[in-house]
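Student: Need the 3D shape of this:
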Amino acid sequence: RWLFDRAVCTLYAFCGVLFGLCSLASLTVLSTVCCLKVCYPAYGKYRAAVLLLCVWGYALTFATAPLAQWGSYGPEPYGTACCISWEASSREATLYILALFVFCYLLPCLLILVSHSLMLRRVRVSRRAVRQH
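Tutor: Modelled structure (predicted):
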């Protein structure tokens, strides 16, 4: 069972969500930037600091939502750790879980998939061009 009080549970869950979202958002940005550099080398320059601020802002937005009563944090079903309360008890909690799924899982995964597909296609086209010469 969870050994600490509600405040520590909320902090534990907040940190888990924040760092998890930050990790996936960082991978998404890295994949997208690599794709743009490989497929469109003249597209522009990217400032790492700005991209990092965007990643942290994105993750903070979704991690702080349960603290603002959009969704909630609570003990996991087995009670040994804390995370997002997946059993939505209200319309707002259901919308938070849906938004989390779409914007923090589905969209990043699709962006990573598309980025890698474009890079693979670019490499294949380049390989064919080299063979012809």
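Student: what ranges do the helices span in the chain?
Tutor: Per DSSP state H, the chain carries helices over the ranges 6-39, 48-64, 91-101, 107-132.
Student: Would you mind getting the angle between the second one and helix 91-101?
Tutor: Per axes from the mean of the first three to the mean of the last three C-alpha atoms, to 10 degrees, the angle that helix 48-64 makes with helix 91-101 is 150 degrees.
Student: Can you say which of the helices of the chain is nearest to residue 82?
Tutor: Relative to residue 82, the nearest member of the helices of the chain by C-beta to C-beta is helix 6-39, separated by 3.9 Å. Where you see a C-beta, it was placed from the backbone N, CA and C, and this is true even at glycine.
Student: Go through the closest one and flag the buried ones.
Tutor: If you call a residue buried by 16 or more other C-beta atoms under 10 Å, then helix 6-39 has these buried ones: 9-10, 12-14, 16-18, 21-22, 24-26, 28-29, 31-32, 35-36.
Student: one step back: so which of the helices of the chain comes closest to residue 72?
Tutor: Taking the helices of the chain one by one with C-beta to C-beta, helix 91-101 is closest: 6.4 Å.
Student: ok, and what's touching that closest one?
Tutor: With C-beta atoms under 8 Å, 6 or more residues apart in numbering as the test, helix 91-101 has contacts from 62, 65-66, 69-72, 84-86, 88.
Student: Quick check on these: which are buried?
Tutor: Buried by 16+ other C-beta under 10 Å: 62, 65-66, 71-72, 84-85, 88, out of the contacts of helix 91-101.
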